[in-house]
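> Provided below for reference: sequence and predicted model.
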Amino acid sequence: MQHKTAYTIAETLITIGIIGVIASMTIPNLISSHQKQVTVNKLKAAYQMFSEIMELAKLQTGFESILLPHETLTKVGNAPEISELYFEPYIKGAEKYKGKYIQIKTPSKSNFLIEYKAWPHEQAPTCMPNEFCFWFFHHENNYTYFIVDINGPKGPNTAGKDVFMFDISGKYKPGIGIKDIDSIKLFSNDINEFCNKTSSSIWNGKTCASKIISDGWQIKDDYPW
C-alpha cells in the first residue's frame, strides 16, 4: 500500500490561500504597530532634545525662564524670533526651510493645522540635519505654541502622525500678556476634543502629543491614527 508523500496542486493552492488570508490580517497590524512605535520614539527624542535646549537657553540668560521678544507679544502668527534667539544657537546645522509649499493636515483631513513656506517667508520652519523641523506660533489670545515635525517635510504631513504641538505659554500679566516661558508643556484641557478622527476644527491635532504622553508614551486604540 502506497502512502501519499506529496501535496496535490489543489492542496498547495488551498494552503497558499490560507497563508495569504492570515498574512493579510496580521501584516497590516504589525506594520501599523511598528509605525506607531517609531513615531513615539521620535516624539520622545524631540521632546527631550528641545526641553534640554530650553534649559541651556535659560542658563545663558541667567534667569529661570526666557523672555518672549516684544515683537512676539504684539503679533499673531509664526514667531521665528524665538527660534533665532533661544534655539538655533544650540543646534548645529539648523537652517530655514527652503523647499516646496506644504500644508499640514488635521487628523480628520478636513482642514489644515499649519503650513510650510520657504524662507525668507516668516512661516518657514527651522529644520535640522536629523530631519526635525520646528516652529513657534503666537496665538491672538496670548498663547504661544511650539510645533515640531518629527520627520521634516516628507509625508504624511499630518497632525498627530508626524507633526505635534506643545504649549510654551508663560506667566500672564494683565495688560501686558505673556512675559516669559520656562518649559515645554503639555496641554491640560480638551485633549480628546483636539485629537480625534472626526473634528473639523482647525486646531484638531493640537493636543495629540499631550495625549500620547498622558497615556504613558503610547498610542492607544482611541488615538486618531
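Sure, I can see it.

> need the contact list for Cys208.
Cys208 is in contact with Pro107, Ala159, Gly160, Phe164, Met165, Phe194, Cys195, Tyr223, Pro224, counting by C-beta atoms under 8 Å, 6 or more residues apart in numbering. Every C-beta, even on glycine, is put in place using the N, C-alpha and C of the backbone.

> pretty sure Phe87 is in a strand, no?
No: applying DSSP: H, G, I helix; E, B strand; the rest coil, one finds Phe87 to be helix, outside a strand.

> so what's it closest to, chain neighbours aside?
Once flanking residues are discounted, Phe87 sits nearest to Ile53: 5.5 Å by C-beta to C-beta, 6 or more residues apart in numbering.

> related to what we said a few turns ago, of the contacts of Cys208, closest to Leu43?
Set against Leu43, the nearest of the contacts of Cys208 by C-beta to C-beta is Phe164 (5.9 Å).

> Doesn't that closest one lie inside a strand?
Yes: looking at Phe164 with three-state DSSP, it is inside a strand.

> Next, work out how far apart Asp180 and Asn111 are.
Distance, Asp180 to Asn111, by C-beta to C-beta, to the nearest Å: 32 Å.

> Select the longest helix from the chain.
The longest helix of the chain (DSSP state H) is helix 9-61.

> mean confidence score for the next helix or strand after that helix?
Per DSSP states H and E, the first helix or strand lying C-terminal to helix 9-61 is strand 66-67. Mean per-residue pLDDT for strand 66-67: 85.

> Stretch 163-173 too?
84.

> Narrow the contacts of Cys208 to those in helices?
Members of the contacts of Cys208 lying in helices (criterion: DSSP H): none.

> which pair in those residues spans the largest distance?
Farthest pair in those, by C-beta to C-beta: Met165 and Tyr223, 15.2 Å.

> Work out the gap between the longest helix of the chain and the centre of the chain.
In terms of C-alpha atoms, centre = their mean, to the nearest Å, the centre of helix 9-61 is found 15 Å from the chain centre.

> Could you list the low-confidence segments of the chain?
1-7, 11-13, 17, 20, 23, 25, 27-30, 172-179 (pLDDT under 70).

> Recalculate using a threshold of 90.
1-33, 58-77, 109-116, 121-123, 129-131, 138-144, 154-155, 168-183, 188-190 (pLDDT under 90).

> Determine the number of other residues adjacent to Ser24.
By other C-beta atoms under 10 Å, 9 other residues sit near Ser24.
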